[in-house]
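Structure for the following, please:
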Amino acid sequence: MGFPKDFIWGAASASYQIEGAVKEDGRGESIWDVFSHTPGKVKWGDTGDTATDAYHRWRDDIAIMKEMGLQAYRFSIAWPRVDPKGDGHWNQAGLHYYSELVDGLLEEGIQPWVTLFHWDLPQALQRQGGWQNPETARRFEAYAEKMAELFRGRVRRWFTFNEPQCFIGMGYGTGEHAPGLKLDDASLSACWETFCQAHSLADDFPFLVNTAAELRYRAWNQLFRNKIALFFQRSVKSQLCYFIQDIMFDLDYILIIVHVRSPIYLFLCQQTAALWIFLYKSETCPIRPPSTNMLCITA
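Reported below is the predicted structural model:
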């Protein structure tokens, strides 16, 4: 059995794990900077201060990907590099870095797949409560809008969040990841709600890349995005769902990956996806939305 002819081969990375340059060109401090420099939190005391130095060597990285014949590169934007305090005061050097990276990929025929959040929350927002604070959702909305404007016409595929089960569950629940908190159930639930709200507020901005897709998606989003956010919240609160792995947006489809506890919940997920598709096709929903794919992985 072989791969489909249109299968896309690519590479993936995360900003804090590769970029380094944590104190260069106006980058703000992230929760992982603080966490990794706290004695006993990370094995061998490793930090992302230098990492693989992708901030300085991104051209070499692109050359290697081209030599390998890769067609796509999924990378994440370090929120504190473009918005040091999470307050909308944009760092031009950070914006320029990611803009050059995207242009460099496109010049070599490599598709940029952008992740907006891969765990490195600005430390300034953490001081205000981080994901416990509903204001963080509104700050994320502004950040997502800015990134959509920056990459308008250049980036087609977006991920809003990478592995929320890690940055919420392990960051605020077990304390294994940054910011290293061990909250009670009620406080942890508040973090999940803020995350869901952040996704709900931000998930239409990436579609600014195309006018037709923008109009189609915005109309669809007004009808369904609150229902989807509520579905996720209830899934997590009821502990039927292990975690939401990723939420990925394309101009033509939405891919939602969840890990579930039982075949029963798998059935419920499938039925929910089927319900969305039914609503899309029904006469009560004349707007043609992106198709929805829900990939469920059972325990």
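
When you work out contacts or count neighbours from here on, use the C-alpha atoms and nothing else.
Will do.

How confident was the prediction at Asn226?
The predicted local distance difference test score for Asn226 is 51.

Same question for Val209.
Reading off the per-residue confidence, Val209 sits at a pLDDT of 44.

try the one 4 residues further on
The predicted local distance difference test score for Ala213 is 46.

ok, now which ones touch the residue nearest to Trp90 when sequence neighbours are not counted?
Setting aside the residues directly before and after it, Trp90 is nearest to Asp83 in space (CA to CA, 6 or more residues apart in numbering), at 4.9 Å. With contact set as CA atoms under 8 Å, 6 or more residues apart in numbering, Asp83 has these partners: 27-28, 89-91, 122, 143.

can you redo these as TSV with neighbour count, pLDDT and secondary structure?
Compiled in TSV, those are given as follows (neighbours: other CA atoms under 10 Å; pLDDT from 0 to 100; DSSP: H, G, I helix; E, B strand; the rest coil):
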residue	neighbour count	pLDDT	secondary structure
Arg27	21	98	coil
Gly28	23	98	coil
His89	10	98	coil
Trp90	18	98	coil
Asn91	18	98	coil
Pro122	25	98	strand
Tyr143	22	95	helix
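
just those now: which is nearest Gly171?
Pro122 (14.0 Å; CA to CA).

Run through the bridge partners of the closest one.
Using DSSP bridges, the bridge partners assigned to Pro122 are Ser30.

which residues touch Ser15?
For Ser15, the contacting residues are 75-78, 118, 120, by CA under 8 Å, 6+ apart.

how much space between it and Thr115?
The gap separating Ser15 from Thr115 is 9 Å, by CA to CA, to the nearest Å.

what do the two both touch?
75-77.

Identify, from those, the entry nearest to Ile168.
Nearest to Ile168 among those, counting by CA to CA, is Ser76 at 17.7 Å.

close enough to count as contact, the closest one and Ser13?
Yes. Taking CA atoms under 8 Å as the contact criterion, Ser76 and Ser13 are neighbours in contact, 6.9 Å apart.

Please say which of those two ends up with more neighbours.
Set side by side, Ser76 and Ser13 show unequal neighbour counts under other CA atoms under 10 Å, the larger going to Ser76 at 27 against 14.
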